[in-house]
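*Asks:* I'll drop the sequence and a predicted model, then ask my questions.
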Amino acid sequence: LTSGLTARKNKYAELRQSVLDASLAEAVDRVMLPSGYPFDEFSEVDLESSPKYQELVISRLKLSENHLLLKQDSLRYRDVLTQQSKNIVDDLHAKLARSSLTNDGYLSLQELSELTQDVYSPPFGSSGPLDIGSVGFVDLTPEEFRGRDRFEFEISFQDDLQLALIDAKGDFLKGDLSKYDFVFVTQLRDSSVDREFKDASNPGSKFQSGTQQVPNPEYPSAMANYQKAMSEFQSYQIEQATRQQSCYGTGNCIALGMLNGLNEGLRKRNVDNAASKLGQTPQFLTKPVFTPYQYKLSSVEVNKSANVDYFVIDVQRSQLYRNSFDVNDKKRFTIAYNVHDNDPDRGSIIGRNSTDQDVADFETKPFVVGLSSLFDLGSLSEAEKSDFVSPERFLASISSDIATTAGSASASRLSGWSSGTIADQRFDSVVLVRTADSIGTGFYITPELILTAYHVVEGSNIVELQYFDERKSSGRIVDHDLRLDLAIIRAQDVGIPVEIYSGPIRLGETVEAIGHPKGYEFTISRGVVSAVRKKGSIMVGSSAKVEYIQSDTPISPGNSGGPLFMGDRVVGVADWVRVDQASQNLNFSVSYNEVRDYLKRFEGR
């Protein structure tokens with residue numbers, strides 16, 4: 001019986017390929033195979049592994065009249081086609097789609113906008129963009145903005161159309177668009193990040209400030225147990241010695257001796273166990289000493305915004321579409337500052353809040369815009385439409401816009417009090433610098449860079465800036481010099497830079513400090529240059545000398561980092577005051593010579 005069953009099994013195995021081949025044509029029509037084949041039933045794996053079946057399916061799909069029918073039919077075979085066959089089908093679909101879109105020899109803007117529709121996507125997703133025409137891309141964002149790091153985050157474009165964009169800037173500037181059907185032009189006017197420090201709180205916590213020795217509550221019990229075991233052992237020994245003296249009869253004495261030995265061993269073990277427990281129980285325990293303190297939680301709201309002009313040039317029809325779009329992305333962070341390194345809950349506090357780096361990552365993350373939303377007919381119907389003559393004429397028409405954009409980025413906002421007072425124009429170069437736990441002063445040295453004292457911003461990556469006209473903005477620390485106690489902030493908003501003094505300075509010259517002493521914003525104080533002298537750095541010790549302008553100009557906390565003006569030029573950066581008993585009017589600012597040398601070093605980085 002066994003040999004007969006094996007023979008039948010082998011016979012069916014020999015016939016299996018012939019039966020499969022005979023069934024392939026029906027399998028193409030119905031995507032089915034004979035069922036119930038003895039011993040080794042057919043499955044989809046047989047169709048996928050059959051080169052002949054793959055050829056039959058491809059031949060059948062090639063008969064499709066258009067890409068719509070091809071996609072509909074091909075999806076019936078998704079489970080039985082090899083990856084190679086799927087690639088062939090996708091390429092065939094792309095060919096039929098191109099033929100459908102360009103049957104009149106021209107790719108229209110409407111057809112271009114329809115490329116996101118699902119009917120144009122390949123059935124199996126293995127082919128690349130549809131090669132239906134030549135679409136160029138040109139970015140006309142002013143280079144002077146890029147060089148000045150005007151834009152704080154990039155706008156990138158996602159090619160969610162079935163296109164292959166070509167960098168056409170070179171051809172565009174040469175005035176030759178003959179090889180393009182469309183040209184997509186962008187001009188990023190502005191991208192900015194507004195940071196607003198909403199509120200702050202000071203939660204309480206504790207940090208380990210040391211250790212102390214305290215009595216171990218388990219030690220007295222361990223000592224008492226040992227003393228008890230030892231007392232019982234000694235008492236038993238005395239008692240047994242007395243009994244042995246009154247023993248009579250050899251048999252009785254031997255039996256009594258064995259019993260006494262067992263009891264004595266038990267009590268000896270009790271003593272050993274109690275001694276071991278006592279040895280493992282320290283008399284004193286080392287316990288941490290915690291000191292209460294407060295850290296700071298600051299809520300920061302970040303709003304990213306941008307404005308982009310874009311143009312679609314229909315080269316074949318000489319049409320120009322002009323439109324724009326805005327970008328807005330907002331997020332709020334709660335940042336923990338001044339969390340003590342020895343706080344046992346430090347990891348938890350940091351983990352449930354954000355850091356300055358989290359804010360910086362969000363601020364610089366590119367904003368992605370899908371091309372389909374820009375080429376959408378609804379968007380383009382709102383666009384300004386005009387004739388396109390040439391790239392030269394186009395560039396000339398928008399050059400004034402570029403100049404206006406660049407100029408507005410550097411435009412000043414003149415300040416003045418509503419009470420009728422006339423503000424000092426130098427106020428437009430000065431800002432209030434606020435961190436999580438201090439305030440200071442800074443001033444513009446370029447349209448984007450602000451100089452301040454390092455001790456004002458130490459420990460912070462991002463600071464809040466406040467202007468005389470009550471605007472609020474922010475900036476990021478980009479460099480510092482510890483010896484000079486100077487730091488540079490890249491500001492979100494542009495400002496009017498000041499001129500740094502050069503040459504000799506006359507003692508007794510009148511100088512003025514602008515700052516925010518004790519929080520009294522935009523205060524001017526006046527004095528004279530008392531001396532120019534080198535003193536030890538207040539940040540790194542007396543061995544590191546710094547040249548200071550000594551003056552009797554009143555300076556208070558809040559002035560740090562602010563300018564010491566002689567006329568319209570800065571001769572020093574307010575830094576420190578000697579306030580010990582009997583000291584008067586001893587105020588020191590980092591000298592203009594040190595400032596100029598530092599800025600030269602910074603330019604080379």
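*Replies:* That came through fine. Computed from a predicted model, the values in this text were never measured in an experiment.
*Asks:* Report how many residues lie close to Ile524.
*Replies:* Ile524 has 14 neighbours, counted by other C-beta atoms under 10 Å. The C-beta positions use only the backbone N, C-alpha and C, and glycine is treated the same way.
*Asks:* Backbone torsions only: list them for it.
*Replies:* Main-chain torsions, Ile524, degrees, to the nearest 10: phi -110, psi 130.
*Asks:* So which bits of the host helix or strand of Ala360 are buried?
*Replies:* Ala360 is part of helix 356-364, with elements assigned from DSSP states H and E. Neighbour-count burial for helix 356-364 flags Asp356, Val359, Phe362, Glu363 (criterion: 16 or more other C-beta atoms under 10 Å).
*Asks:* Output the contacting helices and strands for that helix.
*Replies:* Here helix 356-364 touches strand 182-201, strand 296-314, strand 319-337, strand 462-466, going by 3 or more C-beta pairs under 8 Å, 6 or more residues apart in numbering; DSSP states H and E.
*Asks:* any chance of these in a markdown table, plus mean neighbour count?
*Replies:* Output for the helices and strands packed on helix 356-364, formatted as a markdown table (neighbours: other C-beta atoms under 10 Å):
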| stretch | mean neighbour count |
| --- | --- |
| strand 182-201 | 18 |
| strand 296-314 | 19 |
| strand 319-337 | 16 |
| strand 462-466 | 23 |
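*Asks:* re earlier: what's the angle from the helix holding Ala360 to strand 182-201?
*Replies:* If you take axes from the mean of the first three to the mean of the last three C-alpha atoms, to 10 degrees, helix 356-364 sits at 150 degrees to strand 182-201.
*Asks:* And the next helix or strand past helix 356-364?
*Replies:* That would be, after helix 356-364 and using DSSP H and E, strand 367-370.
*Asks:* what separates that next one from the chain centre, distance-wise?
*Replies:* Counting by C-alpha atoms, centre = their mean, to the nearest Å, strand 367-370 is centred 17 Å from the centre of its parent chain.
*Asks:* which outside residues touch it?
*Replies:* Under the criterion C-beta atoms under 8 Å, 6 or more residues apart in numbering, residues 153-158, 160, 304, 306, 308, 325, 327, 329 lie in contact with strand 367-370.
*Asks:* Could you count how many residues lie near Asn342?
*Replies:* The local packing of Asn342 (other C-beta under 10 Å) involves 14 other residues.
*Asks:* Over to Asp493?
*Replies:* When neighbours are counted by other C-beta under 10 Å, Asp493 registers 19.
*Asks:* Which residue lies closest in space to it, excluding its sequence neighbours?
*Replies:* Spatial nearest neighbour of Asp493, excluding adjacent residues (C-beta to C-beta, 6 or more residues apart in numbering): Ser473 at 4.5 Å.
*Asks:* Tell me the gap between the helix or strand harbouring the one you found and the middle of its chain.
*Replies:* Using DSSP H and E, Ser473 falls within strand 472-481. Computed by C-alpha atoms, centre = their mean, the separation of strand 472-481 from the middle of its chain amounts to 17 Å.
*Asks:* Give me the neighbour count for Val573.
*Replies:* With other C-beta under 10 Å as criterion, Val573 counts 29.
*Asks:* how would you label it: helix, strand or coil?
*Replies:* Assigned by DSSP: H, G, I helix; E, B strand; the rest coil, the conformation of Val573 is strand.
*Asks:* same question, Pro292
*Replies:* Applying three-state DSSP: Pro292 is strand.
*Asks:* Go ahead and report the secondary structure state at the residue nearest to it when sequence neighbours are not counted.
*Replies:* Leaving out its chain neighbours, the residue that sits closest to Pro292 by C-beta to C-beta, 6+ apart is Lys206, at 5.2 Å. What three-state DSSP gives for Lys206 is strand.
*Asks:* so Lys206 sits right up against Tyr293, yeah?
*Replies:* Yes. With contact defined as C-beta atoms under 8 Å, Lys206 reaches Tyr293; the gap is 6.9 Å.
*Asks:* Any chance you could list residues touching both of these two?
*Replies:* Common neighbours of Lys206 and Tyr293, using C-beta under 8 Å, 6+ apart, are Asp343.
*Asks:* returning to what we had before: send the alpha carbons of the helix holding Ala360 over as CSV?
*Replies:* Coordinates of each C-alpha in helix 356-364 appear next as CSV, following Å, rounded to 0.1, in the frame of the first residue of the first chain:
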residue,chain,number,x,y,z
ASP,A,356,16.7,76.0,24.3
GLN,A,357,17.9,73.5,21.7
ASP,A,358,14.4,72.2,21.1
VAL,A,359,13.3,75.8,20.4
ALA,A,360,16.3,76.3,18.0
ASP,A,361,15.5,73.0,16.2
PHE,A,362,11.9,74.1,15.6
GLU,A,363,13.0,77.6,14.5
THR,A,364,15.4,76.3,11.8
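*Asks:* Got the confidence number for the residue nearest to the spatial centre of the chain?
*Replies:* Central residue of the chain (C-alpha atoms, centre = their mean): Asp361, 2.1 Å from the mean position. Listed pLDDT for Asp361 reads 86.
*Asks:* Could you measure from Ala200 over to Val19?
*Replies:* Ala200 is 80 Å from Val19, where distance means C-beta to C-beta, to the nearest Å.
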